[in-house]
Structure formats: C-alpha cells, structure tokens
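**Student:** Sequence first, then the predicted structure:
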Amino acid sequence: MARGHLCTEREQTVSVSAQGCAQVTNLRARVVNEHTAEENVRARQPLCALGSLSARSVSDSCSLGCKGFWHSGGVARIMCICFVYKVDKGEPKVIWLAGLHVPESYLTALVQAACRKNGWPLDRSTLYTKVTPFRSEVEVTDRPKEGCFASGLYLEGADWDMEKGCLMTSKTKVQVVELPILKIIPIKTHCLGLEDTLRTPVYTTSTRRNEMGVGLVFEADLCTNMDISDWVLQGVCLCLNTDM
C-alpha cells in the first residue's frame, strides 16, 4: 500500500515537473528578451529616465528566482522518487518526506499496511517515532520491518544531543538544525507509553503552513530530560522545509 502511494507520487511529480520546466523556460526567455530591450533603451535615454524601467525587471527577476527554487526542488523529487527510490523494485530505505506531495497520505498508508499485516484495529493504531543515531542515509543498511526511516526534518527552537539521545538547548545564534534520521513506527495505541517525551508538531514549512493554509503533518516523539513546558515556551517544532 505504501509502495503504491509512492508510485502515485512519482507520476504526479513527473507531470508537475514537466509543466514547471516549461514555465521556467518561458519565463527565462521573457526576462532575457526584456533585459535586452532595456539595454537598448538604456543606450538611448538619459539616466534620469531609467527609474521606471527597474521595477518590472526586478519583479521578473524575483519571479524567476522563485520559479528556479521551485524547479530545483522538483528536480530533487524526481531524482529521489523515480531514480534513487525505484519504488517498482521495492520501497526505499529512507523516505524524504518533503519530497512527497501529501506526506500525511504516506504515513496513513504505513498505519493501514501495519494493521492489515498484524490484524490490528485501525481506529486503535497510531504512529510512534524514535530518533536514530544515523546522520546520513548512507549509514542506513536496510529499511525497518515495520514503518520507515525519514530524512530531511529540521528542528527549530532546540538542538539534538547525539550522545544522550534527547533534546538540548540551542547553540548561540543557531535557531534551526537538521535532525538525525527519524524512525516512524506504527503501533497499537494502548501499547504506547510515553515518558519524558515531547509530542513535537511537524510542519510543512518554517512558516508552519503551506500555500493552502495546511501546516501540521503529524506529531513526532522527542525524548527530553527537561520539563516539557520549557520546550513549549520556546516554540520547539520540526519542519520538512527550512529557509536556512
């Protein structure tokens, strides 16, 4: 079921990326043409008359930058889903959640697959997370029997202590850090006993919402040896995308 969801994600990504490539190409050509026209006008007009020409060119350049940023993310999605992941031959060892159009659907599919496999009631099952000691996907040798490994999560408002395996105070002037690879595990609700754990919201972007106004993806479990209220007051959260 989770593999089928990845196949759907791959098809959507290829379609959207093809449209994005065409838009970026057309926009780049338009900006280049207008820049050439501006240079021709600049050669014929005095400096005092050039003020009105800069606003539009800056606007188009900004649009091109935004399109370029989106396009680079789209290319990364294609590489991860179509080429690296090769979902037709099996699910990947590590999932890049930010590369999925709707990561919530994939997580729901994980729970449904575990319930079908183990005979659990779906309404009494949930997800539990555990931060692994792996910093890179290269360190992961195989995917877990239940659930998945997820990469590309960023911790905001705190830091992660690799030795103690828990949250720690952020370093000076460092607001966002990359979290080690996270293990997401389906589990029955009554078996979930959390102590000294912060239920940390995972958002799509650092603004804590996407363009559709939807931000919360799921809640991750992060160990802590400090009072949970301290982290809540600091606004600790996880993001799938960051501006750093």
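**Tutor:** Looks like it arrived, so ask away.

**Student:** Please pull out the lowest mean pLDDT helix or strand from the chain.
**Tutor:** The helix or strand of the chain with the poorest confidence is helix 51-78; it has a mean of 42 (mean pLDDT, DSSP states H and E).

**Student:** Is Lys173 in a helix, a strand, or coil?
**Tutor:** Following DSSP: H, G, I helix; E, B strand; the rest coil, the label given to Lys173 is coil.

**Student:** Roughly how far does it sit from Leu97?
**Tutor:** Distance, Lys173 to Leu97, using Cβ to Cβ, to the nearest Å: 27 Å. For the C-beta atoms, the positions are set from N, CA and C on the backbone; glycine is no exception.

**Student:** per-domain residue ranges of this structure.
**Tutor:** 2-89, 94-239 (automatic domain parsing).

**Student:** how far does the last one stretch from start to finish?
**Tutor:** From its first residue to its last, domain 94-239 covers 17 Å (Cα to Cα, to the nearest Å).

**Student:** ranges for the helices of the protein?
**Tutor:** 2-44, 51-78, 103-118, 228-233 (DSSP state H).

**Student:** contacts for the shortest one?
**Tutor:** With contact meaning Cβ atoms under 8 Å, 6 or more residues apart in numbering, helix 228-233 is reached by 157-158, 167, 198, 200, 224.

**Student:** Can you tell me how far Ser151 is from Ser136?
**Tutor:** 8 Å.

**Student:** Of all the residues in stretch 167-187, which ones are buried?
**Tutor:** Residues 167, 170, 176-177, 179-187 are the ones in stretch 167-187 that count as buried (16 or more other Cβ atoms under 10 Å).

**Student:** Identify each buried residue in stretch 107-122, please.
**Tutor:** 107-115, 120.

**Student:** what's the answer for stretch 236-244, then?
**Tutor:** Across stretch 236-244, burial judged by 16+ other Cβ under 10 Å covers 236-242.

**Student:** can I get these in CSV with distance to Gly193?
**Tutor:** Rendered in CSV, the data for those read as follows (distance: Cβ to Cβ, whole Å):
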residue, distance to Gly193
Val236, 22
Cys237, 23
Leu238, 22
Cys239, 27
Leu240, 27
Asn241, 32
Thr242, 32
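
**Student:** Right, I'll call it a day here.
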